[in-house]
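Novice: Everything below, folded, please.
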Amino acid sequence: MENIIDNLVQFWQFTGFANCNIQYLIMILIGIVFVYLGIKKEWEPLLLVPIGFGIIIGNIPLFPGLQVGIYEEGSVMNILYQGVQKGWYPPLIFMGIGAMTDFSALISNPKLLLIGAAAQFGIFGAYAIALALGFTPAEAGAIGIIGGADGPTAIFLSSRLAPDLMGAIAVSAYSYMALVPVIQPPIMKLLTTKKERLIKMKAPRAVSQNEKIIFPILGFLLTAFIVPSGLPLLGMLFFGNLLKESGVTKRLAETARGPLIDVITILIGVTVGCSTQADQFLSSSSIKIFALGALSFIIATTFGVLFVKFFNLFLKEGNKINPLIGNAGVSAVPDAARVSNSVGLEYDKKNYLLMHAMGPNVAGVIGSAVAAGILLGFLA
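Specialist: Predicted coordinates:
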């Protein structure tokens, strides 16, 4: 009888109930909220559902030494997490993004590239504020990239500059990507007049197939020579786009933008969620990172809209740009462009801005990768 009691006591010590505390319960609740928002509100469900469930998985209280936790060397979850820690997953995500992206809007109106560049001020603004709050330069750079609204880039950069903060940075970046339709519209409306919101832009010119093929090659050479440290992201982004536009690698393009990116999205979402283990994640630094992430995102959106207003001072009537597409300079493709379109339609049911907004939106993808390369160049 005594042995049975001892076995039961030992069994109890291995259960999650025996090892639980309020921190784990808080994180599990946060994971449930993420899943709820993804399913019920349909806020980036492909991101929030895997991340939310990953948060739940990662916060099951474990007895030390079971070799199943994400931070226990050699465990299954730890091996899967290597793709995040070592930066394997983000370039594969970028290849998929390239294979599903049409750069026609940017090619037909190259000046829209400047809007994508202006939005990157959110990254460097947050970098400066993070330094003022006491983060090291490397940590500040990793935190600042959240302003690009690009989860894979945030993971790629933080894995090299601030691996200890990667969980908070990654969850923050993906959270604000999901909240694009909530955060951006009030800023866009606050910074524009009704007259500006009603500006109608000329239809973009038709882009030839040759231009679409040449663009990823020239685009890669130009950006990679400027920031060689961004090569893994930029190379895979433009390579994926070449697969799409070449016309002779359809199977590869379909794989890159379909099964491959789906698998990597699942792995990156679940493992990033798991990395928010309560004893590693709940800290004052995490709270500061979330606050700085929101601030950087607001700065990026603000600079994008204000830059268009400034640029319009030098454009003739009939050639002006609707400032509502300024928000699309962040890298959240295509959600930011959809926000531009939906806000524009609120004021004119016939003013479709989606195609125009895709120009700065895809420029933002390139811009965030270039910004990451710049930060790596002087901080790594």
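
Novice: in the stretch 151-300 of the chain, which spans are helices?
Specialist: 151-161, 166-178, 180-191, 194-197, 209-226, 231-246, 250-255, 261-274, 278-281, 284-312 (DSSP state H, counting those that start in this stretch).

Novice: Could you figure out how far the fifth one is turned away from helix 231-246?
Specialist: Taking axes from the mean of the first three to the mean of the last three CA atoms, to 10 degrees, one finds that helix 209-226 is oriented at 170 degrees with respect to helix 231-246.

Novice: who's in contact with helix 209-226?
Specialist: 98, 103-104, 107, 230-231, 234-235, 238-239, 241-242, 245-247, 366, 369-370, 373 (CB atoms under 8 Å, 6 or more residues apart in numbering). Just so you know, the C-beta spots here come from the backbone N, C-alpha and C atoms, and that holds for glycine as well.

Novice: Just the buried ones among the residues you listed, please.
Specialist: 98, 103-104, 107, 230, 234-235, 238-239, 241-242, 245, 366, 369-370, 373 (16 or more other CB atoms under 10 Å).

Novice: which among those gets closest to residue 49?
Specialist: residue 98 (24.3 Å; CB to CB).

Novice: Where among the helices of the stretch 151-300 of the chain is average confidence lowest?
Specialist: Of all the helices of the stretch 151-300 of the chain, mean pLDDT reaches its minimum on helix 278-281 (a mean of 79).

Novice: elements contacting it?
Specialist: helix 22-39, helix 166-178 (3 or more CB pairs under 8 Å, 6 or more residues apart in numbering; DSSP states H and E).

Novice: Can you tell me which of those helices is most buried?
Specialist: helix 166-178 (a mean of 26; mean count of other CB atoms under 10 Å).

Novice: how long is stretch 276-294 end to end?
Specialist: Using CA to CA, to the nearest Å, the end-to-end distance of stretch 276-294 comes to 19 Å.

Novice: picking up where we left off before, tabulate the helices of the stretch 151-300 of the chain (TSV), appending distance to residue 132.
Specialist: Converted to TSV, these look like this (distance: least, CB to CB, whole Å):
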stretch	distance to residue 132
helix 151-161	18
helix 166-178	18
helix 180-191	23
helix 194-197	33
helix 209-226	28
helix 231-246	28
helix 250-255	45
helix 261-274	27
helix 278-281	24
helix 284-312	10
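
Novice: Determine which of these approaches residue 362 most closely.
Specialist: Among the helices of the stretch 151-300 of the chain, helix 231-246 sits nearest to residue 362 (CB to CB), with 9.3 Å.

Novice: on that earlier part again, deepest of the helices of the stretch 151-300 of the chain, which one?
Specialist: For these, where neighbours mean mean count of other CB under 10 Å, the stretch averaging the most is helix 151-161, with a mean of 28.

Novice: so it versus helix 284-312, what angle?
Specialist: Going by the same axes, to 10 degrees, helix 151-161 makes 130 degrees with helix 284-312.

Novice: on contacts alone, who are the packing partners of helix 151-161?
Specialist: Partner elements for helix 151-161 (3+ CB pairs under 8 Å, 6+ apart): helix 76-85, helix 89-100, helix 137-144, helix 166-178, helix 231-246, helix 261-274, helix 354-379.

Novice: Pick out the residue nearest the middle of the protein.
Specialist: Central residue of the chain (CA atoms, centre = their mean): residue 150, 2.1 Å from the mean position.

Novice: Tell me how far the closest residue to it other than its chain neighbours lies from residue 120.
Specialist: Nearest residue to residue 150 in three dimensions, chain neighbours excluded: residue 331, at 3.7 Å (CB to CB, 6 or more residues apart in numbering). According to CB to CB, to the nearest Å, residue 331 and residue 120 sit 9 Å apart.

Novice: Please apply the same query to residue 141.
Specialist: Counting by CB to CB, the gap from residue 141 to residue 120 is 13 Å.

Novice: Quick check: residue 68 touching residue 79?
Specialist: No. Assessed by CB atoms under 8 Å, residue 68 is found out of contact with residue 79, at 11.5 Å.

Novice: State the pLDDT value of residue 91.
Specialist: On the pLDDT scale, residue 91 gets 95.

Novice: residues near it, how many?
Specialist: 21 (other CB atoms under 10 Å).

Novice: What of the one 5 residues further on?
Specialist: Per other CB under 10 Å, the neighbour tally for residue 96 reads 26.

Novice: Spit out the contact partners of it.
Specialist: 240, 256-257, 260-261, 264.

Novice: what two of those residues have the greatest distance between them?
Specialist: 240 and 264 (12.3 Å).

Novice: Model confidence for the residue lying closest to residue 27 once chain neighbours are set aside, exactly?
Specialist: Spatial nearest neighbour of residue 27, excluding adjacent residues (CB to CB, 6+ apart): residue 59 at 4.1 Å. If you check residue 59, the pLDDT there is 92.

Novice: Enumerate every residue touching residue 59.
Specialist: Contacts of residue 59 by CB under 8 Å, 6+ apart are 24, 27-28, 31, 276-278.

Novice: Any chance of JSON lines for these, columns distance to residue 181?
Specialist: Shown next, in JSON lines, are the contacts of residue 59 (distance: CB to CB, whole Å):
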{"residue": "24", "distance to residue 181": "31"}
{"residue": "27", "distance to residue 181": "25"}
{"residue": "28", "distance to residue 181": "26"}
{"residue": "31", "distance to residue 181": "22"}
{"residue": "276", "distance to residue 181": "24"}
{"residue": "277", "distance to residue 181": "30"}
{"residue": "278", "distance to residue 181": "30"}
